[in-house]
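1. Please find the sequence and the predicted model below.
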Amino acid sequence: MSSHMEIERRFLVDGRSQKPWRSEAQNIHNIEQYYLQASNLNLDGEGNLCLSDVIMTNLSLQEISIFESEADWIPRIRIKDGVAIFTVKGPRKGASGLELEWAVEDAAAASVLQWGPFPSVKKTRYCVTGADGLVWEIDEFEEGLAGLILAEVELSSEQQAVELPSWIGIELTGLKNWSNAALADTLMANL
């Protein structure tokens, strides 16, 4: 299995009552995610991954091989606690999908984001360790998605057993309309 394969299960969370993850969180992050046009994504002759003419990062040989193995990447810029992170995600097959991610220069992220507006989501992420030692990421969305709470847990295999916390609701794993990119597109379409 590639170290660039992300395996995660996602769930809806009913946040109408107590929110125990808030007091149990080991880490809390403020996140904004912007979903960019895949048609602007390109690999130049020097191994630089670019959005149009803006160099986002230089790829290793392994990353070039992974990038060239997939045709349908979804590019994203995430601003997490003020740090710009550039990600490309491949299509999901069940709970699994390829993901490549790099911290990038603020200037590169700002240069691309000025082309916007882009489909985006804003959320607060609470990281909580479950009873089985797995880390849950609980996202409380803001603005147009205020009130929506999703939780995900990253796994080492799709068959890995997971002890579900009591506040977990229905499973959304594999439902494409519940991805952050799909939610951002829905918000953008309704502006």
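-> Received it, and whenever you're ready, just let me know what you need. Numbering: from 1, shown residues only.
2. Can you give me the neighbour number for residue 147?
-> If you count neighbours by other C-beta atoms under 10 Å, residue 147 ends up with 9. C-beta coordinates here come from the backbone N, C-alpha and C atoms, glycine included.
3. try residue 61
-> Considering only other C-beta under 10 Å, residue 61 is surrounded by 8 other residues.
4. And for the one 5 residues further on?
-> Other residues within reach of residue 66, judged by other C-beta under 10 Å, total 20.
5. Ok, residue 149 next?
-> Around residue 149 there are 22 residues (other C-beta under 10 Å).
6. which residues sit in contact with it?
-> Counting by C-beta atoms under 8 Å, 6 or more residues apart in numbering, residue 149 makes contact with 12, 13, 14, 15, 19, 138, 139, 140, 141.
7. and what of residue 8?
-> Per C-beta under 8 Å, 6+ apart, neighbours of residue 8: 95, 152, 153, 154, 155, 173.
8. Dump the host helix or strand of it to PDB, restricted to CA.
-> Residue 8 is part of strand 5-13 when elements are defined by DSSP states H and E. Provided in PDB are the C-alpha atoms of strand 5-13 (Å, rounded to 0.1, in the frame of the first residue of the first chain):
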ATOM      1  CA  MET A   5      -3.100   6.300   0.100                       C
ATOM      2  CA  GLU A   6      -5.600   7.900   2.400                       C
ATOM      3  CA  ILE A   7      -8.100   5.500   4.000                       C
ATOM      4  CA  GLU A   8     -10.800   7.000   6.000                       C
ATOM      5  CA  ARG A   9     -14.400   6.500   7.200                       C
ATOM      6  CA  ARG A  10     -16.700   9.500   7.400                       C
ATOM      7  CA  PHE A  11     -19.800  10.000   9.500                       C
ATOM      8  CA  LEU A  12     -22.600  12.500  10.200                       C
ATOM      9  CA  VAL A  13     -22.700  13.800  13.800                       C
END
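9. list the buried ones in the next helix or strand after that strand?
-> Once the chain leaves strand 5-13, the next helix or strand it forms, by DSSP H and E, is helix 20-24. Buried residues in helix 20-24, counted by 16 or more other C-beta atoms under 10 Å: residue 21.
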